[in-house]
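> Here's my sequence, what's the structure:
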Amino acid sequence: MVSVELRGVSKRWDNFELQVDLSARDGEFLTLLGPSGCGKTTTLRIIAGLERPDSGRVFFDGKDVTDLEPYERNIGIVFQDYALFPHMTVFKNVAFGLEMRKVSKVEIERKVRWALELVGLEGFENRYPEQLSGGQQQRVALARALVVEPEVLLLDEPLSNLDAKIRERLRAEIRRIQRELGITTIYVTHDQEEMAVSDRIAVMNVGRVEQIGEPLELYYHPKTEFVARFLGISNILELDAENGVARLGGIEFNVGVDGKVRVFFRPESVLVTPGGDARVTGYELLPGRIRLYLDVEGHTIIAERPLPDLPFEPHSVPHKVGLVVRSFSLLTL
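Numbering: from 1, shown residues only. The predicted structure follows:
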């Protein structure tokens, strides 16, 4: 397989400008994550050759492919809307790319059956798209992309039209197949839950990559407020630090600097203890856990704890508790 690199790539239209430097390592599962309209699909289309950048270059394994057509780049693409031919059977849909490449009938038969087995659709060869569920149609689209044995697999919001249970199952299947084949994969999504299948994630916002890193790194050590808030529920406190310590009520943060700081931590990093000066102002019961809203000197802090792990009964709100923040990081001012 190959690495993919975008160097100084830019694209302008209307009042929007995309500017991206990005690389996906050989065999890596890289996710482009961000809100609608941030430029992630355009980035994918530039990698695919479906759009040309106004400036910058695209490289596959160090080879400049910027001016190559999509069919010259040896890529497989899966779109959000499946894009299956309704008048063709599953077999013919999957075989289409091989037929365009003038592959022999014997080889087409072998490769199509391999691809359908890979995505769990053995026995569906003679069905038509209208006879399949949404999840099955997406598996056909995936098989069609994989059957040509691409060096790079590009996935553009492939699960967004499916319900939650099917999405979860197919997400795991895509990751299994990617690992089995070792294929370099770039996955576009706005769904934070899909970060679970990624080796690394590039969080995008208004045409820029805000931060790129491994999922846990981005989740617990975001560099910007946008990344912190986009990847989940956040506590962000603006405090004054003196002698390397910032304080809020009975909570101390050893920040190592003096002056104004922005302290960030996740709700699950907050330990709730009996007694203290934090006032519980409300709560939400969630599957297996409780989300607490607390007031400390006028600052709202959100904590999440497993249901048995509470020093008070949830119905006894308001209630005073102590707080310990077990891990935090600093955001740029």
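> Let's verify L170: helix, strand, or coil?
helix (DSSP: H, G, I helix; E, B strand; the rest coil).
> for it, what are its contacts?
Residues near L170 by Cβ atoms under 8 Å, 6 or more residues apart in numbering: 135, 138-139, 158-159, 162. From N, CA and C alone the C-beta is placed, and that goes for glycine too.
> can you rerun that using 6 Å?
The neighbours of L170, taking Cβ atoms under 6 Å, 6 or more residues apart in numbering as the test, are 135, 159.
> What of V270?
303, 323, 325.
> Check S55 too.
Residues in contact with S55 (Cβ under 6 Å, 6+ apart) are S10.
> The residue nearest to R169 when sequence neighbours are not counted: which element?
Computed as Cβ to Cβ, 6 or more residues apart in numbering, the closest residue to R169 that is not its neighbour in sequence is G135, at 7.4 Å. For G135, the host element (DSSP states H and E) is helix 134-146.
> okay, that helix in PDB with CA atoms only?
In PDB, the C-alpha atoms belonging to helix 134-146 read as follows (Å, rounded to 0.1, in the frame of the first residue of the first chain):
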ATOM      1  CA  GLY A 134     -29.400   0.000   3.500                       C
ATOM      2  CA  GLY A 135     -26.600  -1.700   5.300                       C
ATOM      3  CA  GLN A 136     -26.400  -4.400   2.700                       C
ATOM      4  CA  GLN A 137     -26.300  -1.800  -0.100                       C
ATOM      5  CA  GLN A 138     -23.400  -0.100   1.600                       C
ATOM      6  CA  ARG A 139     -21.600  -3.500   1.900                       C
ATOM      7  CA  VAL A 140     -22.000  -3.900  -1.900                       C
ATOM      8  CA  ALA A 141     -20.500  -0.400  -2.400                       C
ATOM      9  CA  LEU A 142     -17.600  -1.300  -0.200                       C
ATOM     10  CA  ALA A 143     -17.100  -4.600  -2.100                       C
ATOM     11  CA  ARG A 144     -17.100  -2.700  -5.400                       C
ATOM     12  CA  ALA A 145     -14.400  -0.400  -4.000                       C
ATOM     13  CA  LEU A 146     -12.200  -3.200  -2.700                       C
END
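> Check the spacing between the residue nearest in space to the middle of the chain and F265 real quick.
Among the residues of the chain, the one closest to the centroid is M195, at 3.6 Å (Cα atoms, centre = their mean). Using Cβ to Cβ, to the nearest Å, M195 is found at 19 Å from F265.
> Equivalent analysis for V203, please.
In terms of Cβ to Cβ, V203 sits 18 Å off from F265.
> between those two, which one's more packed in?
V203 (27 against 23; other Cβ atoms under 10 Å).
> In the stretch 151-300 of the chain, where is pLDDT below threshold?
Along the stretch 151-300 of the chain, no part satisfies pLDDT under 70.
> Show me which residues of stretch 1-14 are buried.
1-6, 9, 11 (16 or more other Cβ atoms under 10 Å).
> and these as JSON lines, adding distance to L248?
Shown next, in JSON lines, are these (distance: Cβ to Cβ, whole Å):
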{"residue": "M1", "distance to L248": "49"}
{"residue": "V2", "distance to L248": "49"}
{"residue": "S3", "distance to L248": "45"}
{"residue": "V4", "distance to L248": "44"}
{"residue": "E5", "distance to L248": "44"}
{"residue": "L6", "distance to L248": "42"}
{"residue": "V9", "distance to L248": "43"}
{"residue": "K11", "distance to L248": "44"}
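> quick one: least confident of these?
Of all those, M1 carries the smallest pLDDT score, 73.
> got the contact list for the closest residue to that residue other than its chain neighbours?
Counting by Cβ to Cβ, 6+ apart, the nearest residue to M1 once its immediate chain neighbours are dropped is T184, at 4.7 Å. For T184, the contact set (Cβ under 6 Å, 6+ apart) comprises 1-2, 24, 27, 152.
> Mind checking which of these land in helices?
Judged by DSSP state H, these include no members of helices.
> between those, which is nearest E69?
E69 lies nearest to V152 out of the contacts of T184, by Cβ to Cβ, at 14.6 Å.
> which residues of the stretch 1-150 of the chain fall in helices?
All helices of the stretch 1-150 of the chain, identified by DSSP state H, counting those that start in this stretch, fall at 40-48, 90-100, 105-118, 134-146.
> Just list what the first one packs against, helices and strands only.
Taking 3 or more Cβ pairs under 6 Å, 6 or more residues apart in numbering; DSSP states H and E as contact, the helices and strands that helix 40-48 lies on are strand 152-156, strand 184-189.
> and the residue lying closest to E107 once chain neighbours are set aside, how far is that from I108?
Once flanking residues are discounted, E107 sits nearest to L98: 7.4 Å by Cβ to Cβ, 6+ apart. Using Cβ to Cβ, L98 is found at 5 Å from I108.
> Y293 now?
For Y293, the distance to I108 equals 60 Å [Cβ to Cβ].
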